[in-house]
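>>> just coords:
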């Protein structure tokens, strides 16, 4: 398995209606989170500890919330908020 990111829960539904420029920012940041997680957790599937705390990232137009699940080698975007600024 290799590291990836994906939308989950309501974020997937919200992504269907958000502007493409906003989604491009979210996806670019999610790609960066994947690269960082992959570098930090080299042996992700063998991880037996607690997953790191997720967080919020502000992007032009709004923000998104993510969670890293190391054993699954995934970064999940769990919420996106488009504010239009």
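Thanks, I have the structure now. Just so it is clear, the structure is predicted and the values come from calculations on it, not from any experiment.

>>> Now do the SS call for residue 18.
On the three-state scheme (DSSP: H, G, I helix; E, B strand; the rest coil), residue 18 is labelled coil.

>>> Just give the number of residues close to it.
18 (other CB atoms under 10 Å). The C-beta positions use only the backbone N, C-alpha and C, and glycine is treated the same way.

>>> thought it was touching residue 83?
No: shown here, residue 18 and residue 83 do not form a contact pair, counting by CB atoms under 8 Å, at 10.6 Å.

>>> which SS state does residue 27 fall under?
Classified using three-state DSSP, residue 27 is helix.

>>> And it, how close does it get to residue 17?
16 Å (CB to CB, to the nearest Å).

>>> the more surrounded of those two?
residue 27 (17 against 7).

>>> Run through the residues that contact the more buried one.
Under the criterion of CB atoms under 8 Å, 6 or more residues apart in numbering, residue 27 has no neighbours.

>>> ok, now with 10 Å
Taking CB atoms under 10 Å, 6 or more residues apart in numbering, we find residue 27 in contact with 5, 7, 15, 20, 59, 64, 77.
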